[in-house]
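>>> Okay, sequence plus prediction incoming.
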Amino acid sequence: MPLTMYTLSVPAFTRGFSALSGILDKAETFASQAGLPLAERFDARLAPDMLPLAGQIQRASDTSKNAIARLTTLDVPRFPDEERTFADLRERIAKTVAFLETVTPDDLDGSETREVTLSFPSFKTTLSGEDYLTKFVLPNFYFHVTTAYAILRHKGVPIGKADYIVGLG
């Protein structure tokens, strides 16, 4: 299969969400078996100025959906950031994956040359769709997936690299 905007995005996002679902399951099991409050993991963050676990998963969800929105003409679902439980986070992941499963290779065909403009308070830039996906979206998505993993690992959840790198076989 040739490398396409679709193969670079949708399968990567769904694998990332599979990893997130798995580590959430392990976190919940760990807390339950150890008699620890689940909220301690849910609200955990690595640094005071970073988003907590829920925020990391919300941003991974938004990053993947917004990438599809910017690279296609598809209507993308919006989810309010109202998750308060691990079940809510799993539901957010499931809804995101369900949307991603509706995206076809044809939807992303030609998007590598589409212009995407990003505006932030500190800078504004316009990228080709390919540069947007490879230089902004994928690093941003994996940053949030990795940070969610790191938060749970830091809080004692017995997870390892194999839990992060899933679906390769």
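Sure thing, it's come through.
>>> For the spatially most central residue of the chain, give me its contacts.
When the chain is reduced to its mean C-alpha position, the closest residue under Cα atoms, centre = their mean turns out to be residue 60, at 2.5 Å. Applying Cβ atoms under 8 Å, 6 or more residues apart in numbering to residue 60 gives the contacts 16, 17, 20, 141, 144, 145, 148. All C-beta spots, glycine's among them, are computed from the backbone N, C-alpha and C.
>>> Kindly report the same for residue 81.
54, 55, 58.
>>> I'd like those residues as JSON lines, with distance to residue 126 appended.
JSON lines is the format used below for the contacts of residue 81 (distance: Cβ to Cβ, whole Å):
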{"residue": "54", "distance to residue 126": "32"}
{"residue": "55", "distance to residue 126": "28"}
{"residue": "58", "distance to residue 126": "26"}
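>>> top of these by neighbour count?
residue 54 (23 neighbours; other Cβ atoms under 10 Å).
>>> That one and residue 13, how far apart?
Residue 54 is 18 Å from residue 13, where distance means Cβ to Cβ, to the nearest Å.
>>> how close does the residue nearest to residue 150 when sequence neighbours are not counted sit to residue 146?
Distance criterion Cβ to Cβ, 6 or more residues apart in numbering; nearest residue to residue 150, sequence neighbours excluded, is residue 46 at 6.1 Å. The span separating residue 46 from residue 146 equals 11 Å under the rule Cβ to Cβ.
>>> That's all I had, so thanks and see you.
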